[in-house]
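A.B. asks: Quick one, what's the 3D model for this:
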Amino acid sequence: MKRFLCSLTALLLWGCTHYFSAPEIPSGPPELLIQAGHSAAVTALAISPDGRWLASGGKDNVAKLWEIRSGRLVRTLEGHTNWVIAVAFTANGRQLATASRDGAVSLWEVKTGKRLAGFEGDPDPASVVLSPDARWAFMISREGAVKMLEIGTGQITLLQPGADEEDSIVTSMAISANAHWVAVGYRNGRVQMIENGGDHVVRRVESNSAAVTAVAISEDGRWIAAGVRTGMVQVWDARQGQPHRSLAYSHLVTALAFDRAGRTLFAAYHDGPIHLWDIAQGRVLKTLEGHQDAVGVLTLGPRGTLLASGGEDQSLVLWDTTSGRLTRKLGTNVSWAWAVAFSPDGQTLAVGNGDHTIRLWDVRSGRPIRSLLGHQQIVSSVAFSPDGKSLASASRDRTVRLWDAATGQPIRTLEGHKNWVMSVVFSPDGKYLASGGRDMTVRLWEAATGRLVREQQAHGDWVAAVAFSPNGKYLATAGGDKLVRLWDPLSGERIRQLEGSGGEVLALAFSPDGRYLATGDTHNQGRLWEVESGRLVKTLQGHTHWVMGTAFSPDGSLLATVGGDSAVRLWDMTSDRPPQVLPGHGSWVLGAAFSPNGHWLATGSADATVKLWNLSRNSWDISLVSLADGEWISYTPQGHFDASSKAIQSLTWRMGGEVYPAERYEAEFRQPGQRIHDPEPSPSEDKR
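C.D. replies: Take a look at the predicted model:
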């Protein structure tokens, strides 16, 4: 049976793009699709030549394809390991090109979502733009070198060499409609016009030395516009290099787009609005308001009557350019699942979310118990006390909070960190809490009173993870200085330092017997250390992006590593066998936790899903999704689902090659309080 693809940001809706009536459920496996928007900022947009499709890319590392008329999500394209920063349709609209900060350019078939080809460009580009017909990708390195990649052949041409100097720092790029010119904006205020096929800069203009934050070229190539940090937009005659008009506003310019005739200019600003400027008169004709945060990207439809915008608020908005009216918002808002933790009895799963909430889920039924509200920023770490009565959470809002696990009521807020608190953990006896953050400090708190016992600068850079050894003898800390340190928790004395990770250390986990410490780092590796000697025992290779989470099974026989390549890897600690790779997530996997009985592994991801993996067969049994306004969905690979009442509107089906609204088959597949059962035997029990 074809595997059910259900990662929130990786669901692919194949084929048909309209709802059809059907007298019965077609045979074949169902695909339950969640009409979800990006789980991070929108960074790229393109409209197909026939005006039917909108493609979007985001900081969640995926591209999405939308049907403009209905506003429905058609498919999600996954495979990049960093932000998707450019998208473009081919001239016939049948293929879509995507470019990413991972340096790769991919070509996809629109009809099927199949990846047709992939090309490697600059390994760490500062910026990438795609030609409107998806024939070319223009990449600028961080040293200022401009390269042109021919999509289809993979041939790379150097248009401009780089220069190791401050003036070469690139801030923005734009390409003309005929792909003949590329405009490049720099931090020192310079804008350069580079000819496609040439080997030199053919035009250079200055923008009053203020950093350029956005550039655009009119469709006929006559005008160049550049926005700067001060809020000014300057328009030049591209042929003569002479200034034409200055358009003044009070906030940083984030995106620009000329209308088809080149007479008006859409300008987006950091405070949210989009202004439509009359270039000749230098005045605002309309103000478009609908985003809750900065708009980062704009694109016009082929007839010029449709404008699409996306931004930091994760939303995609369609506008009528004639009236300035907001016509549609696409997708349901979702947020990253940053952290996961099981209660000591294994009945409850706590999830820290990017929408500032903590959601407690009943593991057996796949239903939420309650949401904990109080944090003002991302909840990046959660931990239950050993007796299960309390829950601790750490947040980007610089606080640690304690909650009553049974009632969800707040107990106290621990303040003192000067920056993002990235990790929090209870001591094995439950008497203390340790927290680490981007202020480079580790703090030890008395759990019962909230009293600060000790504060110390533990690293020369941010502290990403803290962990107590099972016997409470050591407190391990890891951070941006690429070091792992072991401390006496009460005295604060540094006992040992582990060196050789190579990259910034993002994750820590002690083995249950305390003999080993597993770490994950930005060099895409997991490492296993012997605690008492500090010796590096093993390097775990296989991830293709940062290793962002590590966790041991309760008996120590398995080690889970998760990371930015969207993979979950299970390592057998009793052998040298290659790891089991568990596919299913569509974006970065940020955290992992084993259930106390060792039967389940929970993983949280930037695709906004939490998956519970059945370790007897290394596949997931249920996926949990938190939507906006407290709505939720849980679903299984077999297509059975449960959901809050309003969340039904966010679901669609694909069955037998056709697409249906969720209500059509709700009676057959909705299972309120669906139960999942412990697998028997578990891997740990089988080994014993």
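A.B. asks: Give me the next element, helix or strand, following the longest strand that the chain contains.
C.D. replies: Ordering each strand of the chain by length in residues (DSSP state E) puts strand 619-626 first. As assigned by DSSP states H and E, the chain's next helix or strand after strand 619-626 is strand 632-635.
A.B. asks: partners of that following strand, with directions?
C.D. replies: strand 619-626 (antiparallel), strand 641-643 (antiparallel) (DSSP bridges).
A.B. asks: List the buried residues for the longest one?
C.D. replies: Going back to what we said before, that points to strand 619-626. Buried residues in strand 619-626, counted by 16 or more other Cβ atoms under 10 Å: 620-626. The C-beta positions use only the backbone N, C-alpha and C, and glycine is treated the same way.
A.B. asks: so for it, what's the average pLDDT?
C.D. replies: The average pLDDT within strand 619-626 is 93.
A.B. asks: Tell me how far residue 130 lies from residue 465.
C.D. replies: 38 Å (Cβ to Cβ, to the nearest Å).
A.B. asks: just to revisit the earlier point, ok, residues contacting the longest strand of the chain?
C.D. replies: Applying Cβ atoms under 8 Å, 6 or more residues apart in numbering, the contact partners of strand 619-626 are 6-8, 34, 36, 334-335, 337, 349, 351, 353, 355, 357, 359, 361, 366, 368, 582, 584, 600, 608-614, 632-637, 674, 676.
A.B. asks: Same list, the strands paired with strand 632-635, but as TSV with distance to residue 319 please.
C.D. replies: Converted to TSV, the strands paired with strand 632-635 look like this (distance: least, Cβ to Cβ, whole Å):
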stretch	distance to residue 319
strand 619-626	29
strand 641-643	31
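A.B. asks: nearest to residue 395, of the buried residues of strand 619-626?
C.D. replies: Residue 395 lies nearest to residue 626 out of the buried residues of strand 619-626, by Cβ to Cβ, at 16.0 Å.
A.B. asks: and that closest one, how far is that from residue 355?
C.D. replies: Applying Cβ to Cβ to residue 626 and residue 355 gives a distance of 7 Å.
A.B. asks: Can you pull the residues that touch both of these two?
C.D. replies: Counting by Cβ under 8 Å, 6+ apart, the residues touching both residue 626 and residue 355 are residue 335.
A.B. asks: Can you tell me the SS state at the residue of the chain positioned farthest from its centre?
C.D. replies: Within the chain, residue 240 marks the point farthest from the mean C-alpha position, 42.4 Å out by Cα atoms, centre = their mean. Residue 240 carries the three-state label coil when classified by DSSP: H, G, I helix; E, B strand; the rest coil.
A.B. asks: Could you do residue 501 as well?
C.D. replies: Residue 501 is classified as coil under three-state DSSP.
A.B. asks: What is the burial count for it?
C.D. replies: By the criterion of other Cβ atoms under 10 Å, residue 501 has 23 neighbours.
A.B. asks: Closest to residue 291 out of the buried residues of strand 619-626?
C.D. replies: Proximity of these to residue 291 (Cβ to Cβ) peaks at residue 626, which lies at 22.1 Å.
A.B. asks: For the closest one, list each beta-bridge partner.
C.D. replies: Beta-bridge partners of residue 626, as defined by DSSP bridges: residue 632.
A.B. asks: Tell me which strands the helix or strand hosting residue 371 pairs with, and in which orientation.
C.D. replies: Element membership for residue 371 (DSSP H and E) is strand 367-372. Sheet pairing of strand 367-372 (DSSP bridges) gives strand 358-362 (antiparallel).
A.B. asks: Can you point out the buried residues in the strand it pairs with?
C.D. replies: 358-361.
A.B. asks: got the contact list for that strand?
C.D. replies: 347-353, 367-372, 375, 379, 382, 391, 393, 403, 405, 408, 610, 624, 626, 632.
A.B. asks: hmm, back to that, pick out the most distant pair among the buried residues of strand 619-626.
C.D. replies: Maximum pairwise distance among the buried residues of strand 619-626 (Cβ to Cβ): 18.3 Å, between 621 and 626.
A.B. asks: just how off-centre is stretch 386-398 within its chain?
C.D. replies: Centroid separation for stretch 386-398 versus its chain: 23 Å, with Cα atoms, centre = their mean, to the nearest Å.
A.B. asks: And that stretch, end to end?
C.D. replies: This stretch, stretch 386-398, spans 24 Å end to end (Cα to Cα, to the nearest Å).
A.B. asks: and if you look at stretch 429-440?
C.D. replies: Terminal-residue distance, stretch 429-440 (Cα to Cα): 26 Å.
A.B. asks: So for that stretch, what gets flagged as buried?
C.D. replies: By 16+ other Cβ under 10 Å, the buried positions in stretch 429-440 come out as 430-440.
A.B. asks: Return the member of those residues nearest to residue 95.
C.D. replies: Nearest to residue 95 among the buried residues of stretch 429-440, counting by Cβ to Cβ, is residue 438 at 41.9 Å.
A.B. asks: That closest one and residue 401, how far apart?
C.D. replies: 17 Å.
A.B. asks: Quick one: low-confidence residue ranges for the stretch 1-150 of the chain.
C.D. replies: Residues of the stretch 1-150 of the chain that meet the criterion pLDDT under 70 lie in 1-30.
A.B. asks: any chance you could map the strands in it?
C.D. replies: Along the stretch 1-150 of the chain, counting by DSSP state E, counting those that start in this stretch, strands occupy 31-34, 42-47, 53-58, 63-67, 73-77, 84-89, 95-100, 104-109, 115-120, 127-130, 136-140, 146-150.
A.B. asks: Repeat that for the stretch 551-688 of the chain.
C.D. replies: Applying DSSP E, counting those that start in this stretch to the stretch 551-688 of the chain gives strands spanning 558-563, 568-572, 580-582, 589-594, 600-605, 609-614, 619-626, 632-635, 641-643, 651-655, 658-661.
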